[in-house]
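> with the input below, show me the fold.
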Amino acid sequence: MDLRPINPYYKQKMTTFSVRSLRGPADAGGYSYPYDWILPVIDRSQADVDYAKVLLALQWDAMTVEQQQDYNRGLKGCINRSDFERIENNIQILLDVLEIPSTSYVDNVPEFVTASYFETMKENIAAIRSGYVVHADTPPVPELPYNTWQKYNDVEKILADVYEVLCAQFHYYTGNEVYAGDDTGLLL
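All right, here's what the predicted structure looks like:
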């Protein structure tokens with residue numbers, strides 16, 4: 001479900017994110033949210049890490065065509081910048097929808113992540129997890145350092161669970177008119 005214009009009264013700060021017109025610069029009446037939800041990876045396993053280690057130990061010429069294709073598609077057993085960009089994108093969407101006053105690295109994920117980057121990520125995930133309802137099996141926010149596949153699964157599972165609950169809450173009735181009472185005709 002698309003969560004972009006959920007709250008019509010919610011005003012985004014223009015200095016943080018640009019609001020783009022749908023029809024071009026002459027029409028300022030359109031609204032376009034710059035981020036789309038990217039499906040998180042929550043099924044990493046030790047086998048993925050082991051497979052990544054095998055591929056990283058091989059030379060490119062020693063890999064089979066299938067292994068080269070797997071390597072080019074991205075390995076679940078490795079964390080790279082595209083994974084951080086996906087996580088930061090999803091964090092920013094949830095921060096905006098939940099109206100949590102925080103910042104993320106959505107537009108400027110550092111090339112080399114630092115301890116302060118991970119601290120900010122942890123604070124954002126903790127704010128998102130505590131800012132809305134989660135499932136009973138949603139994991140707690142993992143402690144730093146984020147150096148295992150289990151911790152990355154937990155981080156993305158928290159984001160996915162909050163997003164899932166949000167999507168379930170925003171299903172609106174779009175059929176015929178809904179009335180309250182037997183014959184009063186009060187439109188809800």
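> what's the helix or strand for the residue nearest to the spatial centre of the chain?
Note on the chain: the residue nearest the mean C-alpha position is residue 90, at 1.8 Å, using CA atoms, centre = their mean. If you go by DSSP states H and E, residue 90 is part of helix 81-97.
> doesn't residue 41 make contact with the residue nearest to the centre of the chain?
No: with contact defined as CB atoms under 8 Å, residue 90 does not reach residue 41; the gap is 11.0 Å. All C-beta spots, glycine's among them, are computed from the backbone N, C-alpha and C.
> which neighbours do these two share?
Overlap of the contact sets of residue 90 and residue 41 (by CB atoms under 8 Å, 6 or more residues apart in numbering) consists of residue 156.
> tell me which helix or strand of this protein sits lowest on mean pLDDT?
Every helix and strand in the chain was compared by mean pLDDT, DSSP states H and E; the lowest is strand 186-187, with a mean of 51.
> who does the longest helix along the chain touch, helix- and strand-wise?
For the chain, the helix that runs over the most residues, judged by DSSP state H, is helix 149-169. In terms of contacts (3 or more CB pairs under 8 Å, 6 or more residues apart in numbering; DSSP states H and E), helix 149-169 is packed against helix 46-57, helix 81-97, helix 115-131.
> still on that earlier bit, and the residue lying closest to the residue nearest to the centre of the chain once chain neighbours are set aside, what is it in contact with?
Of all residues not flanking residue 90 in the chain, residue 159 sits nearest, at 4.8 Å (CB to CB, 6 or more residues apart in numbering). Applying CB under 8 Å, 6+ apart, we find residue 159 in contact with 40, 87, 90, 91, 94, 125, 128.
> so what's the residue count around the last one?
Okay, so that is residue 128. When neighbours are defined as other CB atoms under 10 Å, residue 128 has 25 of them.
> low-scoring stretches of the chain, by residue?
1-32, 171-188 (pLDDT under 70).
> assign residue 107 to helix, strand or coil.
The three-state assignment at residue 107 reads coil, by DSSP: H, G, I helix; E, B strand; the rest coil.
> what distance do you get for the residue nearest to the centre of the chain to residue 72?
Per CB to CB, to the nearest Å, residue 90 is found 24 Å from residue 72.
> brilliant, that's me finished.
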